[in-house]
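Peer 1: the sequence and its predicted three-dimensional model are supplied below.
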Amino acid sequence: MSTATSSTGSDKTFLGHPRGLSTLFNIEMWERFSYYGMRAILLYYLVDTVANHGLGLEDSIGEAVVATYGASVYLLSIVGGWLADRLIGAQRSVLYGGVVIMAGHLSLAVPAAAFSWLGIALVAFGTGLLKPNVSTMVGHLYEDRDPRRDSGFTIFYVSINIGAFFAPFVVAFLRDHWGYHAGFAAAAFGMGLALVMYVLGKGSLAPESTHAPNPLPQDDRTRVVPVMSAAAVGTVVAVILLARLWRDSWIGAVIDSVAILSVGASIAYFVVMFRSPRVTADERRRLRAYIPMWIAAVLFWMIFEQAAVKMASFAANRTNLDSLGFITFKEEWFQSINPITITLLAPLFGLLWLRRSGRFPSTPMKFAIGVAIAGLSFLVLGLGAMAYDGPTAPVILLGSVFVIQTIAELNISPVGLSATTVLAPTAFASQAMALWFLSSATGQSIAAQAIRLTEDMPDAQFYLILGTIAVAFGVILAALSPWAHRQIADAEPETKEQYDAEHAS
């Protein structure tokens, strides 16, 4: 848990929050510009014909690859969390991750299939180093029960969406005029800007971010790190070879392997934390309550991350892009609906969470509401897919689904980031954030498997099945939320009035 002392009421230099929030805001904005710029065209690049400078994969394979890529990004956050906790601290993990991400985008900018696969791998690995640790550093800026915490994470979340909003427009323009690889080059440029912003502003970050909270003894570093690296690589290779026994292609084996590793790593993390002697009884109690919220997040990401997969296919193949009448809507532009809606609504939600801090809805109830709304979005899309044949669905249908999912996201994602930093056992601070991102890896891995299993099923059924599952779990979690709230009540944010009274001096 954070023990920051720089977040007192007198330190209000960035929208009423610690100054370090602006530094993290900037790096996340540009890093997300690079990530979402790549993601906006990745599926289209994979399934486009070789004559059009694509890779020529089948649609279902391309969709599963994109889902698996998304899962890999968050699966590799295990590496980033462990390195930050045990070796180099969060600050350096973010720096090294940014450099690897930029190298990956530069590889994707090279017009050769081998460089494309290398670039996808590098971006996934680099994001795994960077992603969990940026969020952890935001948590370091606040005391554990600071009522500004949820509001601060919501403001931080705006940075993600500013970068994500502009990226599809820029990349779509470059793709139309100079091809896919020019779009990938723009992503590299965005990551380069992120690194410059980070280096210039890192002095404003909390001291906890500079060192590993649970460092390996110096004597173990030269012995443990090579052994663990070899074990990790060996495990991945072994799982891929195992999956090759039932898959007739290496791509299929990798898709299955990421699913196995995502689920297995998630279970292993929970087991290690529950069994660790460094975790107190109170921390175990909070961890138990965290489990159903984590499962809700899995189901949410399973649906939400279809934006770059099934929903991207719906945009290209099932939507009448001229249905607005006054403009031809580009399929990439749908990816900007979520970030602009987030940017408009996040300040309102941030104010709502600040005013409702310590009151209804509790953190578990926010998760219940969010996963149910996400499920509702797919029920809407499923009914819409049944109503329109071929490329006849109006732009407003898919656009409304993105808006509904954004409302769901504001109940889960920034709240989940905040809750994880508070509920994490102290000895597993960054690794707990990796566990949070594993919820996305697991959700996207499950989605990739569902895509492969239902490739002969009408898309409407796919949407309706996943939507029904999410709504049902939302109802279950709502029923469980009073119990979960009691387990974490001593870590929940205080009301603003209580916090101000305690810090009046």
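Peer 2: Perfect, I can see it now. Numbers count the residues shown, from 1 in each chain.
Peer 1: buried residues of stretch 170-188, list them for me.
Peer 2: Neighbour-count burial for stretch 170-188 flags 170-172, 174-175, 179-181, 183-188 (criterion: 16 or more other C-beta atoms under 10 Å). Every residue, glycine included, has its C-beta placed from N, CA and C.
Peer 1: that stretch: end-to-end distance?
Peer 2: 13 Å (C-alpha to C-alpha, to the nearest Å).
Peer 1: distance from it to the middle of the chain?
Peer 2: Centroid displacement of stretch 170-188 relative to its chain, using C-alpha atoms, centre = their mean, to the nearest Å, is 23 Å.
Peer 1: for whatever helix or strand residue 98 lives in, packing partners?
Peer 2: For residue 98, the host element (DSSP states H and E) is helix 89-108. Packing partners of helix 89-108 (3 or more C-beta pairs under 8 Å, 6 or more residues apart in numbering; DSSP states H and E): helix 20-47, helix 77-83, helix 113-140, helix 180-201.
Peer 1: in terms of mean pLDDT, which of these ranks lowest?
Peer 2: Out of these, helix 77-83 stands lowest, with a mean of 80 (criterion: mean pLDDT).
Peer 1: and that helix, what does it pack onto?
Peer 2: Using 3+ C-beta pairs under 8 Å, 6+ apart, helix 77-83 sits against helix 89-108, helix 113-140, helix 429-453.
Peer 1: if we can go back for a sec, report the two of the buried residues of stretch 170-188 separated the most.
Peer 2: 172 and 188 (16.9 Å; C-beta to C-beta).
Peer 1: so where's the stretch 351-500 of the chain shaky on pLDDT?
Peer 2: Low-confidence segments of the stretch 351-500 of the chain, defined by pLDDT under 70, span residues 356-360, 430-431, 490-500.
Peer 1: no no, the stretch 201-350 of the chain
Peer 2: Looking at the stretch 201-350 of the chain by pLDDT under 70, you get an empty list.
Peer 1: now do the phi/psi pair for residue 319.
Peer 2: phi -110, psi 140 (degrees, to the nearest 10).
Peer 1: now the helix or strand harbouring residue 301: buried residues?
Peer 2: Here residue 301, judged by DSSP H and E, is contained in helix 281-304. By 16+ other C-beta under 10 Å, the buried positions in helix 281-304 come out as 283, 285-287, 289-290, 292-304.
Peer 1: next, the angle from it to helix 429-453.
Peer 2: Counting by axes from the mean of the first three to the mean of the last three C-alpha atoms, to 10 degrees, helix 281-304 lies at 30 degrees to helix 429-453.
Peer 1: just the residues contacting the helix or strand just after helix 281-304, thanks.
Peer 2: Next along the chain after helix 281-304, taking DSSP H and E as the criterion, comes helix 310-317. When contacts are defined by C-beta atoms under 8 Å, 6 or more residues apart in numbering, helix 310-317 is touched by residues 43-44, 59, 63, 66, 321, 331, 334-335, 381, 385, 391, 393, 398, 401-402, 451, 459, 462-463.
Peer 1: from those, which land in strands?
Peer 2: When the contacts of helix 310-317 are checked against strands (DSSP state E), the matches are residue 393.
Peer 1: can you select the buried ones among the contacts of helix 310-317 for me in PyMOL?
Peer 2: The following PyMOL line selects those of the contacts of helix 310-317 that are buried, judged by 16+ other C-beta under 10 Å:
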select buried, resi 43+44+63+66+321+331+334+335+381+385+393+398+401+402+451+459+462+463
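Peer 1: show me the contacts of helix 310-317 that map onto helices.
Peer 2: Those of these mapping onto helices are 43-44, 59, 63, 66, 381, 385, 398, 401-402, 451, 459, 462-463, per DSSP state H.
Peer 1: make a markdown table from these and add distance to residue 52 to it.
Peer 2: Output for the ones in helices among the contacts of helix 310-317, formatted as a markdown table (distance: C-beta to C-beta, whole Å):
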| residue | distance to residue 52 |
| --- | --- |
| 43 | 14 |
| 44 | 9 |
| 59 | 15 |
| 63 | 18 |
| 66 | 18 |
| 381 | 28 |
| 385 | 27 |
| 398 | 24 |
| 401 | 28 |
| 402 | 27 |
| 451 | 23 |
| 459 | 24 |
| 462 | 27 |
| 463 | 28 |
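Peer 1: nearest to residue 236, of those residues?
Peer 2: Out of the ones in helices among the contacts of helix 310-317, the member with the shortest distance to residue 236 (by C-beta to C-beta) is residue 66, at 19.8 Å.
Peer 1: which residues touch the closest one?
Peer 2: Counting by C-beta under 8 Å, 6+ apart, residue 66 has contacts 39, 42-43, 46, 308-309, 312.
Peer 1: and which of those is nearest residue 479?
Peer 2: residue 309 (31.0 Å).
Peer 1: count the neighbours of the closest one for me.
Peer 2: 25 (other C-beta atoms under 10 Å).
Peer 1: measure it to residue 246 for me?
Peer 2: Separation of residue 309 from residue 246 (C-beta to C-beta, to the nearest Å): 23 Å.
Peer 1: now render the helices and strands packed on helix 77-83 as a markdown table, adding distance to residue 255.
Peer 2: Formatted as a markdown table, the helices and strands packed on helix 77-83 follow (distance: least, C-beta to C-beta, whole Å):
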| stretch | distance to residue 255 |
| --- | --- |
| helix 89-108 | 20 |
| helix 113-140 | 13 |
| helix 429-453 | 5 |
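Peer 1: among the ones you listed, which is nearest residue 215?
Peer 2: With C-beta to C-beta as the measure, helix 89-108 is the member of those nearest residue 215 (8.7 Å).
Peer 1: tell me the angle of the closest one relative to helix 113-140?
Peer 2: Using the same axes, to 10 degrees: helix 89-108 against helix 113-140 is 160 degrees.
Peer 1: dump the C-alpha coordinates for helix 89-108 into CSV.
Peer 2: Extracted in CSV, the C-alpha atoms of helix 89-108 (Å, rounded to 0.1, in the frame of the first residue of the first chain):
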residue,chain,number,x,y,z
GLY,A,89,11.8,-0.2,-9.4
ALA,A,90,8.8,1.2,-11.2
GLN,A,91,10.5,4.2,-12.8
ARG,A,92,13.2,2.3,-14.7
SER,A,93,10.7,-0.4,-15.7
VAL,A,94,8.6,2.2,-17.4
LEU,A,95,11.7,3.7,-19.1
TYR,A,96,13.0,0.4,-20.4
GLY,A,97,9.5,-0.7,-21.5
GLY,A,98,9.0,2.5,-23.5
VAL,A,99,12.3,2.0,-25.4
VAL,A,100,11.2,-1.6,-26.3
ILE,A,101,7.8,-0.4,-27.4
MET,A,102,9.3,2.2,-29.7
ALA,A,103,11.6,-0.5,-31.2
GLY,A,104,8.5,-2.7,-31.8
HIS,A,105,6.6,0.0,-33.7
LEU,A,106,9.7,0.8,-35.8
SER,A,107,9.9,-2.9,-36.7
LEU,A,108,6.2,-2.8,-37.7
